[in-house]
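Novice: could you look at this predicted model? Sequence included:
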Amino acid sequence: MASATDSRYGQKESSDQNFDYMFKILIIGNSSVGKTSFLFRYADDSFTPAFVSTVGIDFKVKTIYRNDKRIKLQIWDTAGQERYRTITTAYYRGAMGFILMYDITNEESFNAVQDWSTQIKTYSWDNAQVLLVGNKCDMEDERVVSSEKGRQLAEHLGFEFFEASAKDNINVKQTFERLVDIICEKMSESLDTADPAVTAPPKSPQKPVSAPQTPSPRPRPELLLLGVPRGLLLLIPPKGLRPL
Ligand SMILES: Nc1nc2c(ncn2[C@@H]2O[C@H](COP(=O)(O)OP(=O)(O)OP(=O)(O)O)[C@@H](O)[C@H]2O)c(=O)[nH]1
Ligand SMILES: [Mg+2]
């Protein structure tokens, strides 16, 4: 089973400090929709038909050039199974983009999209960008969710929409690149405001950066519910604690 120590998740690139921006991206959605396959297709150009359900959460790093910038993507692959929900939602904090995935051959996974969207609103910050992806579009004969239904739901939720196939490598790269572009657009719109979720590389001399920090096992609910990065909240004086 995949786990934090799974050798498939090579971290070779994670120590590369030569980048302009680093974006944290999460892939979420019901179990078996193809999240892990989607990530492996993108990062390693590989696909396996075997289903190995993800345990907890893991990540891969990929650095790309986009808009004249070198952008390091830290892509988190979350477990879709309900039992891991507390762990996975703790990682939503600080994510700049989400790929919310369903399986076009599985109606239940499509019906769950609204709930996943609510989870994003609850646990991430307001400016996080979301793409809705209907995966397994190679399985046309078994399709139960039409493209039109997918598009309508995406429109209703305010997300952009792709149908894709990790198996046949359809729209995988395009999905990530579009998400990066939307994040970049959003960043340039809010140039004046400090953007705590964007991590610029350290000034020289460059220090090695450790693997992404694991959130505390019990995230503080008031911070998560507000969807505000923790650093910002610390600037607010704790009025209630002042002596009278
Ligand atoms: N035909 C087809 N099968 C796919 C595609 N993507 C994934 N699969 C298969 O679907 C099954 C589930 O894929 P995973 O990537 O493990 O699903 P997951 O969303 O990561 O599931 P959890 O880790 O349990 O949340 C595997 O057997 C994959 O081979 C696709 O695009 N087309
Ligand atoms: Mg998985």
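Specialist: Yep, it's here. Ligands and ions are numbered 1, 2, ... in the order given.
Novice: when you work out contacts or count neighbours from here on, use the C-alpha atoms and nothing else.
Specialist: Noted.
Novice: residues contacting F47?
Specialist: The neighbours of F47, taking Cα atoms under 8 Å, 6 or more residues apart in numbering as the test, are S37, F40, R41, A166, K167.
Novice: what's in contact with stretch 110-129?
Specialist: Under Cα under 8 Å, 6+ apart, the answer for stretch 110-129 is 28-30, 89-90, 92-98, 100-104, 145, 157, 159, 179, 182-183, 186, 224-229.
Novice: just the pLDDT for V144.
Specialist: If you check V144, the pLDDT there is 98.
Novice: correct me, but it touches I104?
Specialist: Yes: the criterion here is Cα atoms under 8 Å, and V144 meets it with I104 at 6.1 Å.
Novice: neighbour count winner among these two?
Specialist: The neighbour comparison of V144 against I104 (other Cα atoms under 10 Å) goes to I104, with 27 against 14.
Novice: can you tell me the centre-most residue of this protein?
Specialist: The centre of the chain sits closest to L26, judged by Cα atoms, centre = their mean, with a distance of 1.4 Å.
Novice: could you look up the SS state of that residue?
Specialist: strand (DSSP: H, G, I helix; E, B strand; the rest coil).
Novice: also V61?
Specialist: V61 falls in the strand class when you classify it by three-state DSSP.
Novice: wait, it sits on Q74?
Specialist: Yes: with contact defined as Cα under 8 Å, V61 counts as touching Q74 (4.7 Å).
Novice: touching ligand 1 at all, stretch 170-190?
Specialist: No: judged by Cα under 6 Å from any ligand atom, stretch 170-190 makes no contact with ligand 1; its nearest approach is 8.1 Å.
Novice: hmm, stretch 118-136 in reach of ligand 1?
Specialist: Yes: against ligand 1, stretch 118-136 shows contacts by Cα under 6 Å from any ligand atom at N135, K136.
Novice: how far does that stretch sit from its chain's centre?
Specialist: 8 Å (Cα atoms, centre = their mean, to the nearest Å).
Novice: what do you get for stretch 133-142?
Specialist: Computed by Cα atoms, centre = their mean, the chain-centroid distance of stretch 133-142 equals 21 Å.
Novice: show me which residues of that stretch are buried.
Specialist: Buried residues in stretch 133-142, defined by neighbour count with 16 or more other Cα atoms under 10 Å: V133, G134, N135, K136, C137, D138.
Novice: could those residues go into TSV alongside pLDDT, distance to T175 and secondary structure?
Specialist: TSV is the format used below for these (pLDDT from 0 to 100; distance: Cα to Cα, whole Å; DSSP: H, G, I helix; E, B strand; the rest coil):
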residue	pLDDT	distance to T175	secondary structure
V133	98	8	strand
G134	98	11	strand
N135	98	11	strand
K136	98	14	coil
C137	98	14	coil
D138	98	16	coil
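Novice: closest to ligand 1 among these?
Specialist: Taking Cα to the nearest ligand atom as the measure, ligand 1 sits nearest to K136 out of the buried residues of stretch 133-142, at 3.5 Å.
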